[in-house]
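S.K.: would you be able to build a 3D model of this:
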Amino acid sequence: MGFFEKLKSGLGKTKESINEKINNVFSNFRKVDEDLLDELEEILIMSDVGMETSAKIIDNLRTRIKREKIETEEEIKVALREEMKKMIESKDIGLNINTKPSVILVVGVNGVRKNYIYWKNCK
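M.R.: Numbering: from 1, shown residues only. Model prediction:
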């Protein structure tokens with residue numbers, strides 16, 4: 001199995017895990033309230049989205065729920081997905097390695113040989 005297949009497989013597992021957790025939350029809640037939003041935020045944090053990013057996503061979702069009067073499970077899921085997508089697409093700050101020393105953070109799922117990719121490209 002090649003690098004991209006491993007990466008795709010790992011990300012697929014992560015996606016399934018998050019979807020399963022979100023679906024479980026909706027099975028426990030019948031109305032849109034702060035408890036539901038708190039549970040969704042906890043899922044995002046526990047899924048390694050990050051504390052600040054998770055809080056921002058949920059704050060945006062909360063505002064959107066009030067503004068658009070979102071009430072159904074499907075509407076919330078769509079809005080949550082769109083808010084997460086906005087966060088991913090929001091910034092392109094580029095790579096600045098003109099400073100010495102420069103630090104590069106390599107992110108990826110376990111088992112995709114991140115250290116190999118780094119050392120291979122540093123020759």
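S.K.: now the helix or strand where Thr53 lies: average pLDDT?
M.R.: Of the helices and strands defined by DSSP states H and E, Thr53 is found in helix 51-68. For helix 51-68, mean pLDDT rounds to 94.
S.K.: which SS class is Thr99?
M.R.: Reduced to three states with DSSP: H, G, I helix; E, B strand; the rest coil, the structure at Thr99 is coil.
S.K.: tally of neighbours for it?
M.R.: Thr99 is flanked by 7 other residues according to other C-beta atoms under 10 Å. In short, each C-beta sits where N, CA and C put it, glycine included.
S.K.: what's it sitting at in phi/psi?
M.R.: The phi/psi pair for Thr99 (degrees, to the nearest 10) reads phi -90, psi 150.
S.K.: tell me the pLDDT of it.
M.R.: 81.
S.K.: same check, this time on Lys123
M.R.: According to the predicted model, the pLDDT of Lys123 comes to 47.
S.K.: gap between Glu34 and Lys15?
M.R.: Computed with C-beta to C-beta, to the nearest Å, the distance linking Glu34 and Lys15 is 26 Å.
S.K.: okay, those two: which has more neighbours?
M.R.: Remark: of Glu34 and Lys15, Lys15 carries more neighbours, 11 against 8, as counted by other C-beta under 10 Å.
S.K.: the more buried one sits in which helix or strand?
M.R.: Assigned by DSSP H and E, Lys15 falls within helix 3-28.
S.K.: so what does the helix holding Thr53 touch, helix or strand wise?
M.R.: Here helix 51-68 is seen to pack against helix 34-46, helix 73-89 when contacts are counted using 3 or more C-beta pairs under 8 Å, 6 or more residues apart in numbering; DSSP states H and E.
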